[in-house]
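Q: give me coordinates for this.
(one chain, ligands or ions: 2)
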Amino acid sequence: MTKTITEKIFSRKCGCDVSAGEMRVVPVDAAMVHDITGPLAVNMFHRMKGGKVFDPEKIIMIFDHQVPADSITAAENHIMMREFAKEQGIYNYDVKEGICHQVALETGKIMPGDIVVGVDSHTCTYGAVGAFSTGIGSTDMGFVLRFGALYFRIPESVRIEADGKFAPRVGAKDLIMKTIGDIGADGATYRAAEFTGQAFEEMEIPGRMTCCNMAIEMGGKAGIVPPDEKTRKWLSQWGDVDAAKAGSFDLKADEGAAYAGKVEYDVGDLVPQVAVPHNVDNVVDIDEVEGTHLDQVFIGSCTNGRYEDFAEAAEVMGARKFSPDVRVIAIPASRTEYLKCLRAGIIEKFVEAGALFEAPCCGPCMGGAFGLIGVEEVSLSTSNRNFRGRQGSTKGEVYLCSPATAAASAIKGVITDPREV
Ligand SMILES: CC(C)[C@H](C(=O)O)[C@@H](O)C(=O)O
Ligand code: SF4
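A: Ligands and ions are numbered 1, 2, ... in the order given. Coordinates of the predicted model:
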């Protein structure tokens, strides 16, 4: 029987043919916990009588949302998690390392064909390397920490095919926002978004991460790009991709596999996209919102906080400075990405242009830490959510865009088409 990538991953793990809709208990290859929902999972683990975790090597603990601790509660959560890590022999990526999804992929522990869970909705990001990865609740994670397995209903898939070549200053973020706008915020609920076509084949892993990251914004259980040579090369930066446990680099959907839905794009036709307040699927072509007043521009997050994103923004900026009327906050997604920006002179360029360039963390993305917006303020953000109150005041507004659009807009102080600066 023909299979989607998702069905193939589950079939390999189960050691038998399984299809969408079936329920299975499946061992996980990795489990990610962070500083916000991790403590709830650890409490749940203790309530289930605790003991030893299933495998400390497969647990990836990362502090990123409230770092460095921005409240006493955050500091206490960190202490509790550090103690748990120590007692269980888990390596803890502490406050200096960066955003969980970026750091998790940089561990080199997540391979194509793996099944990975994390206590964060954007765990779907790891589909960029061909893993089936999904966010779970803290109760389920308590169980996973102890037993290393979880029940799944194997999801149906939607096929998102993108062919053609992007125009200059249009890219992965515009494509995924366009897709979400078309499919809707609940258009792929409990389905795996399988991305395919020339545009994805030519896309580097950072762009694939951007697309898979936002699969959840259309309700997706996961987002997956078929692994290839680019995946192998990217993963070989962090570890031995030819080792015994190495992934299934040959994963592809079968011709004629059954999909619950299909959409097709020619990315050559795509123009910069913007998600307007207060929903991720409220997506428009940039000309509809050009000139919108801005108070803050945020370039960062697990969606667009990589070196490539800052390099693209820097290319748009040229030698220009940011508008004195906007606060520009730039935050790389990990220490590795920070160092890449540092060595390429990008941090200097951003600071000279007038940005605050912060150390890696989630920052203002979900309004949990610093960089909040006030009443009636407007933020333009390269992150993934623009819900009411997401970055501070419920009377503020958040628009989402690509790094190129964010840079062009930060220069002009209003929403600006990056192709026109
Ligand atoms: C704090 C965490 C549970 C949350 C998520 O699951 O996504 C956060 O990372 C977010 O982006 O809203
Ligand atoms: S950067 Fe934003 S979306 Fe990503 S994990 Fe942090 S808060 Fe969530």
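Q: against ligand 2, how distant is whichever residue of the chain sits closest to ligand 1?
A: Nearest residue of the chain to ligand 1: residue 121, at 3.6 Å (Cβ to the nearest ligand atom). Just so you know, the C-beta spots here come from the backbone N, C-alpha and C atoms, and that holds for glycine as well. Using Cβ to the nearest ligand atom, to the nearest Å, residue 121 is found at 7 Å from ligand 2.
Q: for that residue, grab phi and psi.
A: phi -60, psi -30 (degrees, to the nearest 10).
Q: that one: how many residues sit nearby?
A: Residues lying near residue 121 (other Cβ atoms under 10 Å) number 16.
Q: contacting residues for it?
A: Neighbour list for residue 121: 135, 216 [criterion: Cβ atoms under 8 Å, 6 or more residues apart in numbering].
Q: quick check: pLDDT value at it.
A: Per-residue confidence (pLDDT) for residue 121: 98.
Q: any residues of the stretch 201-350 of the chain in contact with ligand 2? List them.
A: 301-302 (Cβ under 6 Å from any ligand atom).
Q: just want the residue of the stretch 201-350 of the chain that's nearest ligand 2.
A: residue 302 (3.4 Å).
Q: name the nearest residue to that residue, sequence neighbours excluded.
A: Using Cβ to Cβ, 6 or more residues apart in numbering and skipping residues adjacent in sequence, the residue nearest residue 302 is residue 101, 4.2 Å away.
Q: domain map for the protein?
A: 7-239, 273-415 (the TED database).
Q: out of these, which is closest to residue 262?
A: Nearest to residue 262 among the domains of the chain is domain 7-239 (4.6 Å), distances taken as Cβ to Cβ.
Q: can you give me the first-to-last residue distance of that closest one?
A: 27 Å (Cα to Cα, to the nearest Å).
Q: quick one on the thing from earlier: tally of neighbours for the residue nearest to residue 302?
A: 30.
Q: try residue 100
A: By other Cβ under 10 Å, neighbour count at residue 100 equals 31.
Q: show the pLDDT at it.
A: For residue 100, pLDDT reads 98.
Q: OK, contacts around it?
A: By Cβ under 8 Å, 6+ apart, the neighbours of residue 100 are 32, 34, 60, 62, 64, 118, 120, 302.
Q: narrow the residues you listed to those in helices?
A: Among these, the residues falling in helices (DSSP state H) are residue 302.
Q: now neighbour count and distance to residue 211 too, for the contacts of residue 100, in JSON lines please.
A: Listed next are the contacts of residue 100 as JSON lines, based on neighbours: other Cβ atoms under 10 Å; distance: Cβ to Cβ, whole Å:
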{"residue": "32", "neighbour count": "29", "distance to residue 211": "19"}
{"residue": "34", "neighbour count": "28", "distance to residue 211": "22"}
{"residue": "60", "neighbour count": "23", "distance to residue 211": "22"}
{"residue": "62", "neighbour count": "29", "distance to residue 211": "22"}
{"residue": "64", "neighbour count": "28", "distance to residue 211": "21"}
{"residue": "118", "neighbour count": "29", "distance to residue 211": "18"}
{"residue": "120", "neighbour count": "27", "distance to residue 211": "17"}
{"residue": "302", "neighbour count": "29", "distance to residue 211": "12"}
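Q: so residue 406, which state does it fall into?
A: helix (DSSP: H, G, I helix; E, B strand; the rest coil).
Q: and it, what's its pLDDT?
A: 98.
Q: just checking, it touches residue 379?
A: No: assessed by Cβ atoms under 8 Å, residue 406 is found out of contact with residue 379, at 10.3 Å.
Q: any residues in contact with both of those two?
A: Joint contacts of residue 406 and residue 379 (Cβ under 8 Å, 6+ apart) are 297-298.
Q: tell me which of those two has more neighbours.
A: residue 406 (31 against 28).
Q: got a list of what that one touches?
A: Contacts of residue 406 by Cβ under 8 Å, 6+ apart are 297-299, 313, 380-382.
Q: what does residue 183 give?
A: Applying Cβ under 8 Å, 6+ apart, we find residue 183 in contact with 158, 218, 261, 263, 281.
Q: in three-state terms, label the residue nearest to the second one when sequence neighbours are not counted for me.
A: In space, residue 218 comes closest to residue 188 once its chain neighbours are excluded; the distance is 4.3 Å by Cβ to Cβ, 6+ apart. Judged by three-state DSSP, the three-state class of residue 188 is coil.
Q: circling back to that earlier point, what residues are up against the residue nearest to residue 302?
A: 32, 118, 120, 122-123, 125-126, 209, 213, 302, 333.
Q: buried only: go through the contacts of residue 183 for me.
A: Buried subset of the contacts of residue 183 (neighbour count, 16 or more other Cβ atoms under 10 Å): 158, 218, 263, 281.
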